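Student: sharing a model that was predicted from the sequence below.
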Amino acid sequence: RQLMSIMSLVETNILTFKQTGIQAIVETIVPMIESGKELVQLQERINSVIELGNKNYDITFPLDSIRIIPLVESVPALVNVDAILDEYYRDARLKGHEIQQLRIMFARSDSAMSYGMLASVLAVLIAIDKVSRWSRCNGVEAAPILGCGSLPFRGHLTEENLEAMLKNYAGIRTYTIQSGLRYDHGEESVRNALKR
């Protein structure tokens with residue numbers, strides 16, 4: 001199933017490139033990451049499918065043209081994110097993959113469902129700090145993403161709480177928007193939040 005998913009990314013890139021001259025998909029989010037080794041293995045798998053596409057289609061893409069965004073969901077993985085990144089960085093370099101930029105996603109909503117709100121908040125704050133330190137130490141530009149919902153338990157990303165979110169989770173580059181915001185808070189409130 002994973003290989004079929006990767007192939008669909010490559011085929012989508014081929015179709016969109018034929019129509020627009022642009023590679024549409026350059027990143028893919030991979031959930032439930034617990035180790036750096038998994039990331040290296042998955043990047044190798046993606047590159048294998050890119051090579052297969054290059055052999056079978058008239059458009060070719062360079063290896064590593066689809067990068068992984070690891071989604072770190074569990075509290076143990078969040079608080080040990082620097083160890084995961086160390087393993088990923090080391091193993092990737094051994095295989096010839098240079099990592100100059102890193103997108104990484106933290107699951108504020110899912111971790112709260114599994115471990116409780118307090119553990120989730122603290123783990124995400126620890127993860128943000130550790131990624132920032134890791135980034136400076138290794139000379140890799142990191143751009144963390146926070147996945148959270150609009151309910152307070154699941155992250156409280158709403159127009160009314162936006163300033164607190166930005167202050168509490170300083171260091172996050174991107175926030176994901178869940179559909180609950182749209183359905184629970186009204187169109188104007190959602191537009192204001194998105195503009196901010």
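Tutor: Great, that's in hand.

Student: distance check, residue 122 against residue 75.
Tutor: Distance of residue 122 to residue 75, given as Cβ to Cβ, to the nearest Å: 8 Å. Yep, even glycine has a C-beta here, placed from its N, CA and C like the rest.

Student: neighbour count winner among these two?
Tutor: Taking other Cβ atoms under 10 Å, residue 122 and residue 75 do not tie; residue 75 has more neighbours (21 against 14).

Student: show me the helices in this protein, by range?
Tutor: 2-20, 36-56, 75-79, 81-94, 108-115, 117-138, 162-168, 179-185, 187-195 (DSSP state H).

Student: tally of neighbours for residue 178?
Tutor: 17.

Student: ok, it touching residue 146?
Tutor: No: under the criterion of Cβ atoms under 8 Å, residue 178 is not in contact with residue 146, lying 11.4 Å apart.

Student: indicate which one of the helices of the chain is closest to residue 156.
Tutor: Smallest distance to residue 156 across the helices of the chain (Cβ to Cβ): 7.0 Å, for helix 162-168.

Student: so which other helices or strands are in contact with the closest one?
Tutor: Of the remaining helices and strands, none touches helix 162-168 by 3 or more Cβ pairs under 8 Å, 6 or more residues apart in numbering; DSSP states H and E.

Student: which parts of it count as buried, going by neighbours?
Tutor: Of the residues in helix 162-168, residue 165 count as buried by neighbour count, 16 or more other Cβ atoms under 10 Å.
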